[in-house]
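Participant: Here's a sequence, model it:
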Amino acid sequence: MQAAELGVQVDEACGEAGQAAVATVGLGGHGDGAVQGLKAVPPRDRPYVPIVFFSFRAMVGIGLLLLVLAITGAILRWRRRLYDTRWFQYLAVAATPLGFVGVLAGWAVTETGRQPFVVYGQLRTAAAASPVVPYAVATSLAGFLIIYLMLFAGFLYFASRQVLKGPPTAVYAPETSAAPHMTPVPTPAER
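Facilitator: Reported below is the predicted structural model:
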């Protein structure tokens, strides 16, 4: 998808974005400060703008969407309709991976926005790369993979045992008082 299709123009050659946000209070501490634009930064010191631009918008958009979802859930709970509103339940389940996607978008903003530096103005990424041979990286990656697969197998084992064991013999009664109380579930012989 091109930037123009989203209604935004990112001109990498000129160092400009079609929509600019003024953040002088956050950057300069007062309202009349100046924000240094990309034109003031030498081209060799600039990050790749489109990744930072769209990742930031994805991160903020997902955060706002999840905030609206949480407020909607709180309102439904306040009206005692949370557990009866099917559309909200489906929406909440569909939104489950959005938190992780938002974190990944934020990570992309952080990591690509600081390029080509590890420490701004002091240490470039190319100078910070360690001379590790590929088989050492592959070995450590394989070690992490094996450990995490063992943890996942252990999780599946214990989770399946809990599922096969079934629920407890008592369940919570509907909310009729401030403190929940246990009501025994009749056994098939008692029915």
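Participant: Which residues are in contact with T85?
Facilitator: Counting by Cβ atoms under 8 Å, 6 or more residues apart in numbering, T85 touches L76. Heads up, the C-betas are built off the backbone N, CA and C, glycines and all.
Participant: So what does it have for phi and psi?
Facilitator: phi -100, psi 100 (degrees, to the nearest 10).
Participant: What helix or strand is E111 located in?
Facilitator: Per DSSP states H and E, E111 falls inside helix 98-113.
Participant: Quick check: next helix or strand after the helix or strand of the chain with the lowest mean pLDDT?
Facilitator: Each helix and strand of the chain was given a mean pLDDT (mean pLDDT, DSSP states H and E); the minimum falls on helix 24-28 at a mean of 52. Next helix or strand after helix 24-28 toward the C-terminus (DSSP H and E): helix 49-78.
Participant: which parts of that following helix are buried?
Facilitator: Applying a neighbour-count criterion of 16 or more other Cβ atoms under 10 Å, one finds V49, V52, F53, F54, S55, F56, A58, M59, I62, L69, G73, L76 buried in helix 49-78.
Participant: okay, those residues in a markdown table with pLDDT next?
Facilitator: As requested, the buried residues of helix 49-78 are exported to a markdown table (pLDDT from 0 to 100):
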| residue | pLDDT |
| --- | --- |
| V49 | 91 |
| V52 | 94 |
| F53 | 95 |
| F54 | 97 |
| S55 | 97 |
| F56 | 97 |
| A58 | 98 |
| M59 | 98 |
| I62 | 98 |
| L69 | 98 |
| G73 | 97 |
| L76 | 96 |
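Participant: Got the confidence number for W78?
Facilitator: Note on W78: pLDDT of 96.
Participant: distance of it from T72?
Facilitator: To T72, W78 is 11 Å away according to Cβ to Cβ, to the nearest Å.
Participant: With that, I have no additional questions.
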